[in-house]
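> 3D, please:
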Amino acid sequence: MIEMIETDIENAVAFRISGKITRSDMERVLADAREKIGRYGNIVILEQIDSWKGVEIAALVEEFKYLYEVGFSNVSKAAVVTDKTWIDRIVSIEDKIFRSIEMKCFPLADYDLAIEFLQGP
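From the prediction side, this is the model:
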């Protein structure tokens, strides 16, 4: 399940994951991304992962369709907030793969530092 989060960052697509990600969850996140890209041109992503129980194939299909249409060029930064150490390792690898996006992982206790990271230059 994905719950959208409000932040003070106007161009942020911010959400919390708990459980399994469904197609409708993914559609909601991607609709928010499209809307903010249309409004601001560039977005940052804040992803808080409380628990992870997988992702539906249909949700992945939606994400791949989005990436084919829009790509990553409008994303400048991504912050992942979680206490799951295995996700920290994945974010570190993704940061090396997606060089145009600055990515960092933060513990849940450092949520405010993740916000500062996204607001910085």
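
> Counting residues, name the longest strand you see in this structure.
When every strand of the chain is counted residue by residue (DSSP state E), the longest turns out to be strand 43-55.

> how about it: buried residues?
Neighbour-count burial for strand 43-55, counted by 16 or more other Cβ atoms under 10 Å, picks out 43-49, 55. All C-beta spots, glycine's among them, are computed from the backbone N, C-alpha and C.

> Go through those and name the one nearest residue 114.
Distance from residue 114 was checked for each of these by Cβ to Cβ. The minimum falls on residue 46, at 6.5 Å.

> can you tell me how far that closest one sits from residue 109?
15 Å (Cβ to Cβ, to the nearest Å).

> try residue 85
Distance of residue 85 to residue 109, computed by Cβ to Cβ: 14 Å.

> would you list every one of the strands in this structure?
Listed in chain order, the strands of the chain (DSSP E) span 2-4, 12-21, 43-55, 75-82, 102-106.

> My guess is residue 45 contacts residue 11. True?
No: taking contacts as Cβ atoms under 8 Å, residue 45 lies outside contact range of residue 11: 10.0 Å.

> Do you know the pLDDT at residue 68?
The predicted local distance difference test score for residue 68 is 86.

> Around it, how many other residues sit close by?
8 (other Cβ atoms under 10 Å).
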